[in-house]
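**Q** Predicted coordinates and the sequence they were generated for:
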Amino acid sequence: MKNIHLLASTVGLSSALWVTGMAHANTLSPDNLEVSDTSVEPPSVMTQESQQEPLVLADNTPAVSDLIAETDADSVGQVTSVSQLSDVQPDDWAFQAIQSLVERYGCVAGYPDGTFRPSRAMSRREAAALVNACLDNLSNRFATKEDLDALKALQDEFAAELATLRGRVDGLEARVATVEAQQFSTTTKLQAQVVMAAQFGDFIDNPGDNIPTPDVAATGVAATDTGTPGIANIDPGDSRVSAISRVRMSFLTSFNGDDVLDLTLETGNGGSDFFSSAGVAGPSNFFPVPPIVGAGTATTLGDPGVVDYTGSGPDVTLYNLGYTFKPVENLAVTVGPLIYPSAFIDGNSYANDEAADFSSGFFINNPLIISEAVDGPGGAGTAFDWNVNGGPVSVRGLFIAADAGIASGTAVNACADPLNTCEGGLFGDPFQASAEIEYSDDFGEDDQNNFAIRAQFTHAETYNVNQNIIGANVELTLGQFGIFGRYGISIDPQLTNGGVTNDLFQNVLPVGDNSSIQTWMAGVGVNDLLIPGSLLAVAAGQPFIVSTTDPNYSTQTNFEAFYRFPVNENITITPTVMLITNPFNVSNGNPNDIIQGLVRATFSF
């Protein structure tokens, strides 16, 4: 077939060359078919004299390159369109032939002034140069006989493989046709995550099987007469094995390739772990300080460390709704009526995802930088992530209000915390505004090591408690091994009640001159231990530290260890052990340590 194309092209080229040569004869026109002495004979016509005296090249006969060189002074080089030749018009009788040589074969040259001079006579040297250029282009465009023979040999050698490949292509075409016919949307894709876990927990050494917690009634009295907070023992009952599940389905829609509309639904079985059943995060108990007159009556100031995926479902609810776009390169902006601070700041490669690493909320986020009153229910607002010049520095910021849907007045039972009275609105209590600057980079051979340092600030107003918090988040990976940690300090938190602002702990805890709240956590991790893609990590920390001389106060300390290993690309299994000492920062002289273990399976698809 290629030989046929070559033959056809050669015939077409010969015709074009003949017509072009005729066009160069200065006396030839459609109306005057007489050929002058300077005209060029058609290549297919030979006189008797030329047949008897064939051309013989002498030793001093100039080469074709010399002939081309001699015409370079007059030629302007190859052109790519016949429109570049000012004296060739569409109504010229040789227009199609000239156009073919210029645009199809690419072997004609004009003159420095941008003309073709079709009426000028063509010399033999010019004809030789023109034919040589055209033949060179033809030889580059078409395969030789040797090329065709080699291709035929390869085709015979790999006939079986080609047949298999042809079958696979046919199969793929059929499957693509089916997908296109049955696809949900051309702009939306579905991602889902399923978390299932079984857990069991109990007291380590507590004969009464009860846990000391701040007593609501006693604390109310203590808050007004400067006494120490009262203590009540809660009996969670007999512990038992429980099942926990959570399902999230995300519909991710992109309209231009650089944006995404995230609509995520959530459900589950509503399961709980032993820590939450024991009251560590119960709505009637408070962590890490007793209830304070004027503060919210059911919202904690920090995450005490229960399993983060408990309490989901059984109803299907809207979990996330936000739109992310890139107004300029390296800048992503998100706006939405239901987004979360933890989705934008305080990330960490080892401790940031309750479905993939640590299960407790305390270890996956700084409990002061990420306000539980806002991140728990989520809220409306905006966030941005700017990677400066695509380099190692990133700047992030956010403003999110948990009760932005309240349009007027002071609403009760409409707050994200149903037991509280809140100001609400897009800029009202409860809300948090945060900023984070990150510097991260790779180093070492093949960039196998990396580190990240994040400096953070949060201003939060949550149910009459106002805080200004400074935080740090660091991680370092050296080959398979990593270390990581967080620190936060709330400087002089304030409580506003009845228009009066006081120290948060005034008349509640004898804190002396130090009324700040601190938190920290640190851990180590080992990647690819025994199984590629696995992670072993251990961490310890204290969610809420306040300096006090109260004999009933003892700082809570959390410990957690897990080993995550992949079953395949979509399934991971994670055994986990969790321990809390001195829950609620309260001790009544009895051993109160609680422990639980769980096995988590995560399915991502």
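**A** It's in.
**Q** May I ask you to name the longest strand in this protein?
**A** Longest strand in the chain by number of residues, with DSSP state E as the criterion: strand 188-203.
**Q** quick one, domains of this protein?
**A** Using automatic domain parsing, the domain parsing of the chain gives 2-142, 148-182, 188-604.
**Q** can you give me the mean pLDDT across the longest one?
**A** Average pLDDT, domain 188-604: 84.
**Q** Give me the helices and strands touching the longest strand of the chain, please.
**A** strand 242-253, helix 274-277, strand 594-604 (3 or more CB pairs under 8 Å, 6 or more residues apart in numbering; DSSP states H and E). From N, CA and C alone the C-beta is placed, and that goes for glycine too.
**Q** quick check: angle from it to strand 242-253?
**A** Between strand 188-203 and strand 242-253, the angle comes out at 160 degrees (axes from the mean of the first three to the mean of the last three CA atoms, to 10 degrees).
**Q** Quick check: buried residues in strand 188-203?
**A** Neighbour-count burial for strand 188-203, counted by 16 or more other CB atoms under 10 Å, picks out Gln193, Val194, Val195, Met196, Ala197, Gln199, Gly201, Asp202, Phe203.
**Q** Please apply the same query to stretch 582-599.
**A** 582-587, 592-598.
**Q** Could you tell me how far it lies from the centre of the chain?
**A** Averaging C-alpha positions (CA atoms, centre = their mean, to the nearest Å) puts stretch 582-599 39 Å from its chain's average.
**Q** what about it, start to end distance?
**A** One end of stretch 582-599 to the other measures 24 Å (CA to CA, to the nearest Å).
**Q** Specify the beta-bridge partners of Arg396.
**A** Beta bridges link Arg396 to Asp385, Glu436 when assigned by DSSP bridges.
**Q** Tell me how many other residues crowd it.
**A** Neighbours of Arg396 under the rule other CB atoms under 10 Å: 21.
**Q** got a markdown table for the buried residues of stretch 582-599, with distance to Ala153 too?
**A** As requested, these are arranged in a markdown table below (distance: CB to CB, whole Å):
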| residue | distance to Ala153 |
| --- | --- |
| Asn582 | 81 |
| Pro583 | 79 |
| Phe584 | 82 |
| Asn585 | 82 |
| Val586 | 85 |
| Ser587 | 86 |
| Asn592 | 83 |
| Asp593 | 78 |
| Ile594 | 76 |
| Ile595 | 72 |
| Gln596 | 70 |
| Gly597 | 66 |
| Leu598 | 64 |
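**Q** Closest one of those residues to Ala561?
**A** Of all these, Gly597 has the smallest distance to Ala561: 9.9 Å, by CB to CB.
**Q** can you pull the contacts of the closest one?
**A** By CB atoms under 8 Å, 6 or more residues apart in numbering, Gly597 lies in contact with Gln199, Phe200, Gly201, Pro575, Thr576, Val577, Met578.
**Q** wouldn't Gly425 be in contact with Ala402 here?
**A** No. If you go by CB atoms under 8 Å, Gly425 and Ala402 don't touch, sitting 10.7 Å apart.
**Q** returning to what we had before: need the winner for burial among the domains of the chain.
**A** Most buried of these by mean neighbour count (mean count of other CB atoms under 10 Å) is domain 188-604; its value is a mean of 18.
**Q** what's the distance between it and the middle of its chain?
**A** Computed by CA atoms, centre = their mean, the chain-centroid distance of domain 188-604 equals 23 Å.
**Q** Do me a favour and get the end-to-end distance for that domain?
**A** Terminal residues of domain 188-604 lie 17 Å apart, using CA to CA.
**Q** The chain should start at 11 in everything you say after this.
**A** Okay, residue one is now 11; in that scheme the one you just asked about reads as domain 198-614.
**Q** Just read off the phi/psi values of Leu161.
**A** Phi and psi for Leu161, reported as degrees, to the nearest 10, are phi -60, psi -40.
**Q** Return the distance of it relative to Ala170.
**A** As judged by CB to CB, to the nearest Å, Leu161 and Ala170 stand 17 Å apart.
**Q** repeat for Thr586
**A** Thr586 is 52 Å from Ala170, where distance means CB to CB.
**Q** And what about Asn399, helix, strand or coil?
**A** helix (DSSP: H, G, I helix; E, B strand; the rest coil).
**Q** for it, what are its contacts?
**A** Counting by CB under 8 Å, 6+ apart, Asn399 has contacts Asn340.
**Q** picking up where we left off before, okay, the buried residues of strand 198-213 in a markdown table with distance to Gly321 next?
**A** A markdown table is the format used below for the buried residues of strand 198-213 (distance: CB to CB, whole Å):
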| residue | distance to Gly321 |
| --- | --- |
| Gln203 | 16 |
| Val204 | 16 |
| Val205 | 12 |
| Met206 | 15 |
| Ala207 | 13 |
| Gln209 | 13 |
| Gly211 | 16 |
| Asp212 | 20 |
| Phe213 | 22 |
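**Q** With respect to Gly407, which of those residues is nearest?
**A** Distances from Gly407 to the buried residues of strand 198-213, taken by CB to CB, are shortest for Gln203, at 27.1 Å.
**Q** show me the contacts for the closest one.
**A** Contacts of Gln203 by CB under 8 Å, 6+ apart are Val257, Arg258, Ala365, Thr612, Phe613, Ser614.
**Q** Correct me if wrong, but Asn376 is in a strand.
**A** No. Remark: Asn376 does not belong to a strand; assigned using three-state DSSP, it is coil.
**Q** What segments of the stretch 511-615 of the chain are strands?
**A** 527-537, 545-555, 567-576, 581-591, 604-614 (DSSP state E, counting those that start in this stretch).
**Q** who's the closest residue to Leu271 other than its chain neighbours bridged to?
**A** Nearest non-adjacent residue to Leu271, counting by CB to CB, 6 or more residues apart in numbering: Thr263, 4.3 Å away. Beta bridges link Thr263 to Thr198, Leu271 when assigned by DSSP bridges.
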